[in-house]
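# Attaching a predicted model along with its sequence, questions to come.
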Amino acid sequence: MVNVGVLGATGMVGQRFIQLLENHPDFEITALAASSRSAGKRYEDATTWYMNEEMPESVKDIKVVETNPDAMDNDVDIVFSSLPADFALKVEKDFAKDYVVASNASAHRMKKNIPLVIPEVNPQCLDMIDAQQKENDWDGFIVTNPNCSTIALALTLKPIVDNFDVKAVRVSTMQAVSGAGYNGVPSMAIVDNLVPYIGGEEEKMESESLYLLGSFDGNDVINANFKLSASCHRVPVIDGHTEAVFVELNDGFDIADVKGSMQNFKGLPQELNLYSAPENPVIVKEEDDRPQPRMDRNAGNGMAVTVGRLREDKAFDNSFKYVLVGHNTIRGAAGASILNAELINDKIL
Ligand code: NAP
């Protein structure tokens, strides 16, 4: 077994880590860290538990520690980070001296030699790790996963980019409130309403997607060569981001081929049969009224993205559009880091 710790363990994503890691065949939680507000308490006492599933018995008595490497048990090999980005900026580097850091936070995404990875999309970027360790003289390293709405989009675009010549992508999101953390969006702001702005989200979707769908030349990532524009909105849904995606190609296409490319899409996690890998990363639904967050967010144990309403876009040349739903705290956050760690455990550790 690999011993793992969770940083930000009391938060929305931290709790999802704990729920997903229960009964994991390779990873066992032995350390939990949070802020000084929680440190020193039993996990059960420190945490207001938000998950639908019960808090695992195995973590209730773990004493929460301060988020610094000195407070962490030396037996830990991997730390999953769900810290606020500003705090993650410093502390994740301190942990990387000795630990593998699988981070959800945006602090180190797309930095030189720090891989931003979706295992089905760009596993080759893990090759940056050697250079990262040498550059910093670290025994550990940092690997990051993308923002929640980007992960769902990039998974559905990967088979399209691999099989067609993409000219432009436009995406409009309808994002769940859990994406902002428990205290992120006041109920008075979101009930009977939507909020047409999520700070920094459009910039993240636009830059991270082109990085993920680009190529890696052994030193640097060369961004994908098409334009991508995002408009991001918060809606009164608890879990599950919905996105309306509009794709323009340089050439003509057959919509059945687009559908086939998504249905047949598999990546390295499926080939390696990793524990958290869904059988099909992208599921295509035929019903006119799917996907819907409540019905489709848990597809593939929350690790698959569901696509529906795939159709030609007759208003523009060489264009089609579709709607997707992905679970933002599973595939979009904790599940993404865990899948990265499973790939690292299989290939690197
Ligand atoms: P959250 O619910 O607000 O949880 C924050 C966690 O960080 C808590 O455990 C908190 O501990 C801890 N923390 C806060 N300030 C700290 C400090 N100064 N020192 C040490 N620990 C501190 O937030 P979240 O939604 O889980 O998000 C966590 C991270 O994941 C963020 O970077 C976010 O952008 C990213 N992310 C979230 C999602 C999502 O869908 N929610 C998706 C992708 C990425 P206490 O309880 O002790 O205060």
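Received the coordinates, thanks. Numbering: from 1, shown residues only.
# Going by C-alpha atoms from here, please, whenever you check contacts or count neighbours.
Noted.
# domain assignment for this structure?
2-147+334-347, 148-327 (automatic domain parsing).
# For these, give me a markdown table that also has mean neighbour count and mean pLDDT.
Below are the domains of the chain laid out as a markdown table (neighbours: other CA atoms under 10 Å; pLDDT from 0 to 100):
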| stretch | mean neighbour count | mean pLDDT |
| --- | --- | --- |
| domain 2-147+334-347 | 20 | 97 |
| domain 148-327 | 19 | 98 |
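# got these as a markdown table, with distance to the ligand columns?
Formatted as a markdown table, those follow (distance: least, CA to the nearest ligand atom, whole Å):
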| stretch | distance to the ligand |
| --- | --- |
| domain 2-147+334-347 | 3 |
| domain 148-327 | 3 |
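# if I look at residue 37, how far off is residue 247?
According to CA to CA, to the nearest Å, residue 37 and residue 247 sit 46 Å apart.
# no, scratch that, I was asking about residue 343
Distance from residue 343 to residue 247, by CA to CA: 30 Å.
# Tell me where the protein has helices.
Secondary structure of the chain (DSSP state H): helices located at 12-21, 43-46, 57-60, 85-96, 129-136, 148-163, 187-190, 201-212, 255-263, 268-271, 293-296, 335-347.
# Show the contacting residues for residue 148.
Counting by CA atoms under 8 Å, 6 or more residues apart in numbering, residue 148 touches 179, 328, 329, 331, 332, 333.
# Apply 10 Å and report the result again.
104, 175, 179, 201, 204-205, 240-241, 326-334, 336 (CA atoms under 10 Å, 6 or more residues apart in numbering).
# go on, residue 83?
Residue 83 makes contact with 6-11, 13-14, 33-35, 67, 89, 91-92, 103-107 under the criterion CA under 10 Å, 6+ apart.
# Check residue 151 too.
Per CA under 10 Å, 6+ apart, neighbours of residue 151: 117-118, 121, 145, 157, 205, 208-209, 212, 305, 326-328, 331-333, 336.
# Residue 262 now?
155-160, 163, 280-284, 307.
# Now distance to residue 55 too, for those residues, in a markdown table please.
Output for the contacts of residue 262, formatted as a markdown table (distance: CA to CA, whole Å):
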| residue | distance to residue 55 |
| --- | --- |
| 155 | 30 |
| 156 | 32 |
| 157 | 35 |
| 158 | 35 |
| 159 | 37 |
| 160 | 39 |
| 163 | 43 |
| 280 | 29 |
| 281 | 27 |
| 282 | 29 |
| 283 | 30 |
| 284 | 33 |
| 307 | 31 |
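# From start to finish, how long is stretch 269-282 in a straight line?
End-to-end distance of stretch 269-282 (CA to CA): 13 Å.
# so how far is that stretch from its chain's centroid?
15 Å (CA atoms, centre = their mean, to the nearest Å).
# so residue 278 sits right up against residue 272, yeah?
No: between residue 278 and residue 272 there is no contact under CA atoms under 10 Å: 11.5 Å.
# Tell me the one of the contacts of residue 262 nearest residue 42?
The closest of those to residue 42 turns out to be residue 281 (CA to CA; 36.7 Å).
# Could you list which residues are in contact with the spatially closest residue to residue 16 that is not a sequence neighbour?
Leaving aside its sequence neighbours, residue 16 sits nearest to residue 334 (CA to CA, 6 or more residues apart in numbering; 6.1 Å). Applying CA under 10 Å, 6+ apart to residue 334 gives the contacts 12-21, 80-82, 102-104, 145, 148, 328, 340.
# just residue 81 next, same as before
5-9, 13-14, 17, 33, 88, 91-92, 101-105, 142, 144, 334, 337.
# Using PDB, write out every CA atom in stretch 92-104.
Below are the C-alpha coordinates for stretch 92-104, written out as PDB (Å, rounded to 0.1, in the frame of the first residue of the first chain):
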ATOM      1  CA  GLU A  92       3.100  22.700  -2.300                       C
ATOM      2  CA  LYS A  93       6.800  23.500  -3.100                       C
ATOM      3  CA  ASP A  94       7.800  22.800   0.500                       C
ATOM      4  CA  PHE A  95       6.000  19.400   0.300                       C
ATOM      5  CA  ALA A  96       7.600  18.600  -3.100                       C
ATOM      6  CA  LYS A  97      11.000  18.500  -1.600                       C
ATOM      7  CA  ASP A  98      10.100  15.100  -0.100                       C
ATOM      8  CA  TYR A  99       6.600  14.100  -1.300                       C
ATOM      9  CA  VAL A 100       4.800  13.500  -4.600                       C
ATOM     10  CA  VAL A 101       2.200  16.300  -4.600                       C
ATOM     11  CA  ALA A 102      -0.900  15.700  -6.700                       C
ATOM     12  CA  SER A 103      -2.600  19.100  -6.700                       C
ATOM     13  CA  ASN A 104      -6.000  20.400  -7.600                       C
END
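# Surely residue 229 touches residue 206?
Yes: the pair residue 229 / residue 206 is scored as a contact, 6.2 Å apart, by CA under 10 Å.
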